[in-house]
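In: kindly generate the corresponding structure for this input.
(2 chains)
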Amino acid sequence: AQRVTQPEKLLSVFKGAPVELKCNYSYSGSPELFWYVQYSRQRLQLLLRHISRESIKGFTADLNKGETSFHLKKPFAQEEDSAMYYCALMWGNEKLTFGTGTRLTIIP
Amino acid sequence: GAGVSQSPRYKVAKRGQDVALRCDPISGHVSLFWYQQALGQGPEFLTYFQNEAQLDKSGLPSDRFFAERPEGSVSTLKIQRTQQEDSAVYLCASSFSRYEQFFGPGTRLTVL
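Out: Residues are numbered from 1 along each chain as shown, chains lettered A, B, ... in the order given. Alright, predicted model coming up:
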């Protein structure tokens, strides 16, 4: 069965410090992975997808099939990065399986 | 442009009541999804439509849950005989490609 694990419910990082939000997945097929973000009082929105290999708002994520991981990284945290982050796996009819989320707080 | 809208935003129901939650997707989006998000959890898939066809309802937790999208646009999620464990935020999402789902603000359902 497919599963997404985000081991950290809460993560606090000082402004300017590097950020890494962990995500591990379990899936027997070819994985399609995403990071979604929810800023305070806003709706859930796509941050980035592994297939695009892009950097959005300074964030990158590399799919590591050997370690079944898709960690989200940013070299220098900014205050506006404070939000709830969800890692998600797409499978079947485009449905998403989400992790439980990590609340990131950037300390000024 | 207008995003996905959901109504009502908040719903309080007494145990045993029926509720109906509405989703207006982005115009032209073929795919529509419903998710349930319990407190402190990530969204969990309920059901999926492509146009008016319900292609996947494997996530519906019981036969008290029913969803429809009769004209391939607006969708309604109905919960019959609500129970306390149905209390959650219900999210609707629509998409035109498999690479991004656009989410609505959600409906927070509280069952007393």
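
In: what's the neighbour count on the residue lying closest to residue B:40 once chain neighbours are set aside?
Out: Using Cβ to Cβ, 6 or more residues apart in numbering or on different chains and skipping the chain neighbours, the partner closest in space to residue B:40 is residue A:100 (7.2 Å). Every C-beta, even on glycine, is put in place using the N, C-alpha and C of the backbone. By the criterion of other Cβ atoms under 10 Å in any protein chain shown, residue A:100 has 15 neighbours.

In: what do you get for residue B:102?
Out: Residue B:102 has 18 nearby residues by other Cβ under 10 Å.

In: now it: how far from chain A?
Out: Per Cβ to the nearest Cβ, to the nearest Å, residue B:102 is found 8 Å from chain A.

In: next, residue A:79: phi, psi?
Out: phi -60, psi -30 (degrees, to the nearest 10).

In: in three-state terms, label the residue nearest to it when sequence neighbours are not counted for me.
Out: In space, and not counting its chain neighbours, residue A:79 is closest to residue A:106: 5.0 Å by Cβ to Cβ, 6+ apart. Judged by DSSP: H, G, I helix; E, B strand; the rest coil, the three-state class of residue A:106 is strand.

In: what residues are up against residue A:106?
Out: A:12-15, A:77-82 (Cβ atoms under 8 Å, 6 or more residues apart in numbering or on different chains).

In: quick check: the farthest pair among those?
Out: A:12 and A:80 (15.3 Å; Cβ to Cβ).

In: those two: who's more crowded?
Out: residue A:12 (12 against 9).

In: okay, and the more buried one sits in which element?
Out: For residue A:12, the host element (DSSP states H and E) is strand A:10-14.

In: need the CA coordinates for that strand. PDB is fine.
Out: Taking Å, rounded to 0.1, in the frame of the first residue of the first chain, the C-alpha atoms of strand A:10-14 are listed here in PDB:
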ATOM      1  CA  LEU A  10       6.900  20.800  14.100                       C
ATOM      2  CA  LEU A  11      10.100  22.400  12.900                       C
ATOM      3  CA  SER A  12      11.600  25.700  14.000                       C
ATOM      4  CA  VAL A  13      14.500  27.300  12.100                       C
ATOM      5  CA  PHE A  14      16.200  30.700  12.500                       C
END
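
In: with that, I have no additional questions.
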